[in-house]
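Student: just a sequence and a predicted model for now, questions to come.
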Amino acid sequence: MLILALESSCDETAAAVVRDGREILSNVVASQIDTHARFGGVVPEIASRQHLEAFSWVIDEALEKAGTTLEAIEGVAVTRGPGLIGALLVGLSTAKALAFARNLPLAGVHHIEGHILAIQLEKPVAYPYLALAVSGGHTHLYRVDGIGAYTTLGRTLDDAAGEAFDKVAKLLGLGYPGGARIDKLAAIGNPKAIAFPRPLLHRDNVDFSFSGLKTAVLNHVRALPDLPQGDDLADLCASFQAAVVETLCRKTLRAAKAEKLERIVVAGGVACNRGLRTSMTAMAAKEKLQVSFPSPALCGDNAAMLAVAADARLRAGENEPLDLNAVASWPLDRVSAVSPVVVGG
Ligand code: KG4
Ligand code: ZN
């Protein structure tokens, strides 16, 4: 089955063509980052307008790169939520129009479901596994028993990890979004230079909290005469990143042990972080666990990631009605299971 997938939950307009929920034929992402950077964050109204302008050429490019045409597409997938409601509605309306015009079945996919299944497009991981979803809006640990069978084990009680990276980058004058910039500076800094707190590590649970850590960085910076530069800036970035990474690794390990899961998948934009990839890989090797990260292009927002769940749902005969609505807030546990739930390797 040839699926055309569309994603527009935040500030990336994306379209992809995927065969049989496994083979990526094209994966086009048009980022709006430059537009939002000058505002220090995503402006929802501007995001919606830009999605509207970009979708038509992004879809054309995805079809062209895949060497196919709309006539050959057999199903449409779209991010239904969670995300910015206006932005989601642009993608959803586009997908519904295509499905209606071509008489194609439609699958509405949960954005985080896309992230935690993206790995199946590259290096398939057998179910069940533990998924750490780390993005600008999520820091969640899920048990994944199959497509549509997710249990939330832990979550952030305040800021998401990506949000913490972005807020710290902003207060350091590194611009928006700052995760990748902190990652780059952290690589040349000393992670032990400043002892930032490891939030909630002492508690016997698998929840996260990053807002106190962000405040600790703010207080540290306020006590300095000027914003740190050069080596001091690199040391600060490395110390902050080390606190985030240690918390993510230790809680992930705790959850894997509690659930007796031997496989871990790290997904979402923050899964690009080199410090996280290195530490998680070392921890997994020490504990004899398997850890998998999608390649960077499949970690950040993209449309190909939606095709894994969409393919399974469309094959099971699911077809969303054309009055399907977008949902800004949507716990992953409420995603309906594909019938029958797709389990096994
Ligand atoms: O998954 P994603 O592209 O969009 C959301 O669904 O939120 O994640 C975006 C987040 C941003 O907060 C961004 O700063 C962060 O991922 N990010 C990183 C890195 N690359 C992107 N954070 C840390 N290190 C990176 N290398
Ligand atoms: Zn995302």
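Tutor: That came through, no problem. Note that the structure is a prediction, hence the values are computed from the model and not measured. Residues are numbered from 1 along each chain as shown. Ligands and ions are numbered 1, 2, ... in the order given.
Student: in terms of residue numbering, what are the domains of this protein?
Tutor: According to the domain assignment given by automatic domain parsing, the chain is divided into the following structural domains: 2-117+300-334, 124-293.
Student: for the shortest one, what is the average pLDDT?
Tutor: Per-residue pLDDT values across domain 2-117+300-334 average out to 96.
Student: now do that domain: distance from first to last residue.
Tutor: As for domain 2-117+300-334, its first-to-last residue distance stands at 27 Å under the measure C-alpha to C-alpha, to the nearest Å.
Student: likewise stretch 173-183?
Tutor: End residues of stretch 173-183 are separated by 15 Å (C-alpha to C-alpha).
Student: go through that stretch and flag the buried ones.
Tutor: Leu174, Tyr176, Pro177, Gly178, Gly179, Ala180, Arg181, Ile182, Asp183 (16 or more other C-beta atoms under 10 Å). Glycine gets a C-beta too; all of them are placed from N, C-alpha and C.
Student: which stretches in the protein count as strands?
Tutor: Under the criterion DSSP state E, strands of the chain are mapped to 2-7, 12-19, 23-31, 75-81, 106-110, 129-134, 139-146, 149-155, 263-267, 290-292.
Student: on that earlier part again, ligand 1: which of the buried residues of stretch 173-183 is nearest?
Tutor: Within the buried residues of stretch 173-183, the smallest distance to ligand 1 is 2.3 Å, found for Gly179 (C-beta to the nearest ligand atom).
Student: got the contact list for that closest one?
Tutor: When the contact criterion is C-beta atoms under 8 Å, 6 or more residues apart in numbering, the partners of Gly179 are Gly162, Phe165, Asp166, Ala169, Gly269, Val270, Cys272, Asn273.
Student: kindly report the same for Asn190.
Tutor: When contacts are counted by C-beta under 8 Å, 6+ apart, Asn190 is found next to Ala234, Asp235, Ala238, Ser239.
Student: within range of ligand 2, give me the residues from the stretch 101-250 of the chain.
Tutor: Taking C-beta under 5 Å from the ion as the criterion, the neighbours of ligand 2 within the stretch 101-250 of the chain are Ser135.
Student: helices of the stretch 101-250 of the chain, residue ranges please.
Tutor: Assigned by DSSP state H, counting those that start in this stretch, the stretch 101-250 of the chain shows helices spanning 111-117, 161-171, 179-186, 211-222, 230-259.
Student: most neighbours per residue, which of these?
Tutor: Among the helices of the stretch 101-250 of the chain, the stretch with the highest mean neighbour count (mean count of other C-beta atoms under 10 Å) is helix 111-117, at a mean of 27.
Student: quick one: the residue with the largest distance to the centre of the chain from Ile194, how far?
Tutor: Largest separation from the mean C-alpha position in the chain: Pro225, at 36.8 Å (C-alpha atoms, centre = their mean). Taking C-beta to C-beta, to the nearest Å as the measure, Pro225 falls 16 Å from Ile194.
Student: hmm, back to that, which of the contacts of Gly179 sits closest to ligand 2?
Tutor: For the contacts of Gly179, the residue nearest ligand 2 by C-beta to the ion is Gly269; the value is 6.0 Å.
Student: and the closest one, how far is that from Gly41?
Tutor: In terms of C-beta to C-beta, Gly269 sits 15 Å off from Gly41.
Student: quick one, which of these two is more surrounded?
Tutor: Summary of the neighbour comparison: Gly269 and Gly41, criterion other C-beta atoms under 10 Å, with Gly269 having more neighbours (27 against 15).
Student: so that one sits against Asn302, correct?
Tutor: No - in terms of C-beta atoms under 8 Å, Gly269 does not count as a neighbour of Asn302; the distance is 10.4 Å.
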